[in-house]
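Colleague: what shape does this take:
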Amino acid sequence: MRVPAPSQPQPLIVDRLSDRLAALLSAQIDSGALHAGDRLPTEQKLAEAHGVSRTVVREAVHQLKSKGMVNSRQGSGVYVAPRPVNQALVFDPAVLTSVQAVVHVVEVRRVLEGEIAALAAERASRSQIAELRRALKAIDGAVADGRDGVAEDLAFHRVIGEATGNPQFRLLLGFLEQYLREGMRITRGNEARRLDFMTEVQREHRAIFEAIAARDPEAARRRATEHITRGEQRLIEGGVIDGRRRQAAVKAVRAAAAPTARKGKKSMKESP
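Modeller: Next up, the predicted model:
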């Protein structure tokens, strides 16, 4: 049985060393550098290779164990576990601390929210539309009271997910909330600095609600996608996101708005 050593050990610096070491070992397992059945180097060897304490190594290995990536064999050591058939969905912990990573989650959300809103427009019951109206008012109330409205904003989108009638969307959105919450605090904190931003957000939420209430899937999809895209654009304009993302975000805004413009031109041509 092979006992591979980590290739090109890297000294780990700054805080949360155990998280960084766990991520490094996870990457080795995911890339195939460490295979199922391989024994990890000892605590002492890992500590020396990466310039950390054995306590840090122990905590990192514990993280891998909690994810089912490695297991201990009494008196033998720690081994890479066979890859499970069904793996739990997790995101990089950096999503909780990096603005750039938050943007990545926003991009995931952009893909999801449009289709979820479209399905909600097709399937929402009267009671769910009434609940969505209350959620919309709750956001306005939070803003009027000077609160960030993050919980109310998440609740609004959660109701849309429930209105699809597909419980998997509810579970998926529930998973994403742990990563979206901090991102939304950043977003809404940025928007609260400018009245025009806050007005735009309220108008966008209202447009999503009206499209769902009107049973218009195409409009609901477009409005929800525009809302997420414009939120990213507001982060750029507010200086939260690096300006290098500006061009991509502007193109996305224009692409999202294009169906509306084409539809308007078509209507004008068809008019007598």
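Colleague: tell me where the model's unsure across the protein.
Modeller: Counting by pLDDT under 70, the chain contains low-confidence ranges at 1-16, 85-102, 178-194, 238-272.
Colleague: as a check, name the ranges of all helices in it.
Modeller: In the chain, the helices defined using DSSP state H lie at 17-31, 43-50, 54-66, 99-123, 126-144, 150-163, 167-191, 195-213, 217-237, 246-270.
Colleague: residue 146 and residue 138, how far apart?
Modeller: According to C-beta to C-beta, to the nearest Å, residue 146 stands 14 Å off from residue 138. For the C-beta atoms, the positions are set from N, CA and C on the backbone; glycine is no exception.
Colleague: so those two - more neighbours on which side?
Modeller: residue 138 (16 against 8; other C-beta atoms under 10 Å).
Colleague: do I have it right that the more buried one meets residue 155?
Modeller: Yes: here residue 138 reaches residue 155: they are 6.8 Å apart, a contact under C-beta atoms under 8 Å.
Colleague: the helices of the chain into CSV, with extra columns for distance to residue 83?
Modeller: Output for the helices of the chain, formatted as CSV (distance: least, C-beta to C-beta, whole Å):
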stretch, distance to residue 83
helix 17-31, 8
helix 43-50, 22
helix 54-66, 13
helix 99-123, 23
helix 126-144, 40
helix 150-163, 30
helix 167-191, 21
helix 195-213, 40
helix 217-237, 33
helix 246-270, 34
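Colleague: wait, which of those helices is closest to residue 84?
Modeller: Of all the helices of the chain, it is helix 17-31 that lies closest to residue 84, at 12.2 Å by C-beta to C-beta.
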